[in-house]
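Enquirer: below: sequence and its predicted model.
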Amino acid sequence: MSIKKKLSFWISIIVAVILALSLFISYFSSKAEVQSSLEQQVNSIAKQISLTIAASESARQSMEDSIGEKLRIVAIAAKEQLDPDIDKVKNEQLVELSRKLGVDHITLWKRFDDDVIALKSSDPNEINLSSKTWDYWHRAFLQLFENHNVTIPEGQKLENFWSGPFNFSTSDPKQIRKWGDYYDGTTNYMINPYVNAQVLLDFDNSIGTNSIVNKIIADQQDILEITGFDPQFFGKSPIIKMKKGIPVYNLDVRDIPFGQYTYKDQENDSVNIQKALDSGMTVTAKSTIMGKQVMKTFIPITIDKTYVICISFDHQSILKPLKRQLLMQSVISLCLVLVTMFASYFIAGFMLRGLNQILNKVNAIAAGNFGKIITIRSNDELGLLASRIDTMGDNLHSYTTQLQDTAEELRNTKQYLESFVNHTSDAIHVADLAGHVIQVNKAFEIMYGWNEEEALGRPLDNVPSDYLSSHHELEATVLRGGSVTDFETVRYTKSNQLIDLSITISPIRDELGAIIAIATISRNITSRKQTEEIIRRSEKLSVVGQIAAGVAHEVRNPLTTLRGFVQLQQQTGSLTPSHLEVMLGELDQINMIVSEFLVFAKPQATHYQPVNVLTLVGDIMMLLDSEAKMSNVQLALLAEAELPEVIGEANQLKQVFVNIMKNGIESMPGGGVLSIQLEKNRSGSIVLQFIDQGCGIAEDDLIRLGEPFFTKKASGNGLGLMVSQQIIAAHKGAIVFRSELGQGTCVEITLPRQV
């Protein structure tokens, strides 16, 4: 895609994003305004309903109280015309009296213990009715009989009179009636006149609360329904009583006192009603009911008691104008984006004419033509860029010439390095970080036996199992950025032959300094190792010869004892068991001394394994004990408890310790104490100190210890300490000499513990 198209595309994208953000902000701000307007509307409706309910309830209560007062007057008038004994009153008399006083019927009730029963009535259906199951009506009757007054909170209470709320009649469940109950104690019955109360219910539906609710729903198209909840009864099982076999839902325990409840979500509605009651604030909830998205707003109001008004809105109809506005704005925005796209395309073409010239110049430079000149001479950014491109072309021409000369020089250097690598006698191979060989030289093929095709692309698996741990440590050192120089080890060749090597390992880094490969230079030191082994054996044989006299002296003592017992046997002809035990002990002593001597003198293959240094030193002390005694030297051993083992070759370490202890004994011709101390340092390594009380070593001679053929002994060859240093170095240990003339010498050997 060209810059012209890209510029037009991205300008259009930016405009589209800006317009989308504008639409987003406009939509949600309009939605917030609609929500705010809706909340005001809801509050206004709730306030209107609240006022309506208050006025309606007041008017209805006034009408109901007026009817109650009328019923009291009727009851007093009836009392004056009736006999105070109920048994002397006839039902026909009550029929005539009801017609005369202008009420529907009159019923006379009499108390029997805890029950009140209708005994006489102008309505035959009322006779023998019991109030025992009528809840607070029954309590009111009992209070009227007992105290002539009623104290329950329900109903209208006057002197000697109580009138309950209008309700469905028990004797005729199809009728809604209003009753009045009068008892002043002058009769043995309670007078109960009642009238039809349908007018009270009609009032509520025609001009009362339900009428106002229906009018609001008709005026507001977004409102689906308005429901008045009585929290005292909503959510509870409805109180339904059977009257004359007809189930009747009493008007005084209605959970929906006004409005309709068509869009039911009873479980969530109960929760939201309780939230509104607890907080005293408006609660809004959304749900899908009967296939419609309904938004319900719950508002608590208090008149004579607390109600919760629920106004249910059609959520889709509320958002419909917003969606229509959003669609219109989206169409306008799309048109603006298209106009922006076309306009930016032509403007970009006009502005990029100079850039095309610069591009042609750059293409010419890429093709190697540095002489093309740009004709732009404006003072804007394009003019400055053209000038810089011309300068860059000139500089590139100069740099290209220099790079060609440098490339030729690098080519020659590369040829020289390749010739050096391929003609050196040291084996060189390079491996990547995964261990795969990526380069070898000719010496590698000769030394190891693998040719280049066999070695490349695979790991060089030629490390003996005993050396894997040290090999991984070397790799870790190099990967941390270090290097390994002249590390002596052994490796297998292709023919599975072990060769001694001195290896140097170095990291190879890229231009950023990151390690990308590992280079290894191997030098075959098998011949040198063989020479060193010959020297060690020669030195060992020399030491064996020197201690032979001491061993012979040590063996001669038990032989003298054995000879004496043999002579005793010849003279007496018998030996006691105690004599035989002494002879066996002397023979065991001779056998042990000779065995240790043979173990030390016998050549053995080098095999590294765990070695108990304390046991090793103890064996050597026993071997050299006779020589020490002949020189009047006392051997003293001081060792810590529970010393760890070291990894090494026991015979080689014996050779070192014998060399050091013989030197200590020989340095004390007049006798003395040779102390051997064994301890563990902080790192866990074993430290051995051989401390004599001899003549000491001069400072000039101290620094030359270990040089080949350097010795102060008349019969020495100067190879003992050199061999000892090599053995300790092969064990990854250290040997240090500290001495002063006339003060004795301390030889300290440190050996790493077994890991």
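Expert: Yep, it's here.

Enquirer: quick one, helices of the stretch 251-400 of the chain?
Expert: 266-279, 315-351, 353-366, 381-423 (DSSP state H, counting those that start in this stretch).

Enquirer: which residue ranges of the stretch 101-250 of the chain form strands?
Expert: With DSSP state E, counting those that start in this stretch, the ranges of strands along the stretch 101-250 of the chain come out as 105-112, 115-121, 156-158, 161-163, 167-168, 176-179, 181-182, 190-196, 223-229, 240-243, 246-249.

Enquirer: would a markdown table of the ones you listed with distance to residue 691, mean pLDDT and mean neighbour count be doable?
Expert: Where C-beta positions appear, they are placed from N, C-alpha and C, glycine not excepted. As requested, the strands of the stretch 101-250 of the chain are exported to a markdown table (distance: least, CB to CB, whole Å; pLDDT from 0 to 100; neighbours: other CB atoms under 10 Å):
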| stretch | distance to residue 691 | mean pLDDT | mean neighbour count |
| --- | --- | --- | --- |
| strand 105-112 | 126 | 92 | 21 |
| strand 115-121 | 122 | 92 | 19 |
| strand 156-158 | 121 | 89 | 18 |
| strand 161-163 | 123 | 92 | 26 |
| strand 167-168 | 120 | 78 | 18 |
| strand 176-179 | 125 | 86 | 21 |
| strand 181-182 | 126 | 94 | 26 |
| strand 190-196 | 129 | 91 | 23 |
| strand 223-229 | 104 | 85 | 23 |
| strand 240-243 | 113 | 56 | 13 |
| strand 246-249 | 115 | 56 | 12 |
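
Enquirer: for these, which one sits closest to residue 384?
Expert: Nearest of those to residue 384, taken as CB to CB: strand 223-229 at 69.1 Å.

Enquirer: that closest one pairs with which strands, and in what direction?
Expert: When sheet partners are counted by DSSP bridges, strand 223-229 sits next to strand 258-259 (antiparallel), strand 306-314 (antiparallel).

Enquirer: quick check: which of those is buried the most?
Expert: Among the strands paired with strand 223-229, strand 258-259 has the highest mean neighbour count (mean count of other CB atoms under 10 Å), at a mean of 24.

Enquirer: closest one to residue 621 among the strands of the stretch 101-250 of the chain?
Expert: Nearest of the strands of the stretch 101-250 of the chain to residue 621, taken as CB to CB: strand 223-229 at 105.9 Å.

Enquirer: by how many degrees do the closest one and helix 315-351 diverge?
Expert: 140 degrees (axes from the mean of the first three to the mean of the last three CA atoms, to 10 degrees).

Enquirer: could you tell me the angle between strand 223-229 and helix 266-279?
Expert: Using the same axes, to 10 degrees: strand 223-229 against helix 266-279 is 70 degrees.

Enquirer: could you export strand 223-229 as CSV, CA atoms only?
Expert: The C-alpha trace of strand 223-229 is given here as CSV (Å, rounded to 0.1, in the frame of the first residue of the first chain):
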residue,chain,number,x,y,z
ILE,A,223,-45.7,2.8,31.7
LEU,A,224,-46.9,-0.8,31.5
GLU,A,225,-48.6,-0.8,35.0
ILE,A,226,-48.6,0.7,38.4
THR,A,227,-48.8,-1.6,41.4
GLY,A,228,-49.3,-0.8,45.1
PHE,A,229,-47.8,-3.4,47.4
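
Enquirer: show me the contact partners of it.
Expert: Residues outside strand 223-229 that contact it (CB atoms under 8 Å, 6 or more residues apart in numbering): 45, 49, 53, 209, 213, 216-217, 255-263, 269, 273, 292, 294, 307-314.

Enquirer: go on, stretch 169-180?
Expert: Residues from elsewhere that reach stretch 169-180 (CB under 8 Å, 6+ apart): 64, 67-68, 71-72, 74-75, 104, 123, 125-126, 129, 161-164, 166-168, 192-198, 200-201, 243-244, 246, 248, 251.
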